[in-house]
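>>> Got a sequence here, can you model it:
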Amino acid sequence: MYQCYGNAIRSYVFAVKSGRVQASALDATFLAKCQATLNGAADDAMGWSQMSAYGTSFPTATKAVNAAGWYFSEDEAFDIMTAYQLNQKPEYLDAMVANMNYEGGCNPVNMTYVTGLGWRRQREVVSQYAANDRRVLPPSGEPIGNVQDGFPFLSSYQSTLRNLCYPSDGPALLIRSTTAGVTPGM
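All right, here's what the predicted structure looks like:
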């Protein structure tokens, strides 16, 4: 439930609780649909967390196509936390903590994904401020993508870095035939 529609749904669901609108001003049917959408997103994220060895809510559909792009555990934890305000399921708390632990360093590389935390700190981040500041380290508290889809093609290394990823981020290596027989291609 990222950004636009997610923001609208959350605003509608919490309009009365925040004191911005009277309960009589809301459409009860639409409110129920918004609450169901919010709970559904949290249930999905909770399920993904329970299926993950490290507890991060990495979506199953994204795993299926091997195209992570950029993934942030705290996005999923936020959806779970929002639904927890309506329905205090203990499973929601477990999933939130697991996502935040993954973000904090309980992951395969034992590295935090928040700048300024941990022993092995990220020095290069996607940030206009960090790119134009004189300091060596980026500002503290900026989230870093947790799962990325491999190394890019760089002219210096060409596809060498992509071949170092295990398991492969993309489809299996193609096999090409040569006059000497069949050898794995690049």
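
>>> quick one: the strands in the chain?
70-71, 147-148, 175-178, 181-184 (DSSP state E).

>>> What mean pLDDT does the third one get?
Along strand 175-178, the predicted confidence averages to a pLDDT of 41.

>>> again, but for the second one
In this model, strand 147-148 has a mean pLDDT of 72.

>>> Could you measure from the residue lying closest to Y12 once chain neighbours are set aside over to F72?
Closest residue in space to Y12, ignoring its immediate chain neighbours: C34 at 4.9 Å, by C-beta to C-beta, 6 or more residues apart in numbering. (Each C-beta comes from the backbone N, C-alpha and C, glycine too.) Distance of C34 to F72, computed by C-beta to C-beta, to the nearest Å: 24 Å.

>>> One more: A23?
34 Å.

>>> now swap in N7 and tell me
Distance, N7 to F72, by C-beta to C-beta: 16 Å.

>>> Have a look at the two and say which one is more surrounded.
Higher neighbour count among N7 and F72: F72, with 18 against 11, using other C-beta atoms under 10 Å.

>>> Could you measure from the more buried one over to T60?
The spacing between F72 and T60, counted by C-beta to C-beta, is 17 Å.

>>> Could you find the closest non-adjacent residue to G55?
Per C-beta to C-beta, 6+ apart, closest to G55 is A98, 2.6 Å.

>>> burial count for the one you found?
The tally of other residues near A98 (other C-beta under 10 Å) stands at 23.

>>> quick one: contacts for it?
Residues near A98 by C-beta atoms under 8 Å, 6 or more residues apart in numbering: S49, S52, Y54, G55, T56.

>>> Most widely separated two among these?
For the contacts of A98, the farthest-apart pair by C-beta to C-beta is S49 and Y54; their separation is 9.1 Å.

>>> So which elements touch the longest helix along the chain?
As assigned by DSSP state H, the longest helix anywhere in the chain is helix 28-51. Contact here means 3 or more C-beta pairs under 8 Å, 6 or more residues apart in numbering; DSSP states H and E; on that basis helix 28-51 packs against helix 3-13, helix 73-84, helix 90-104.
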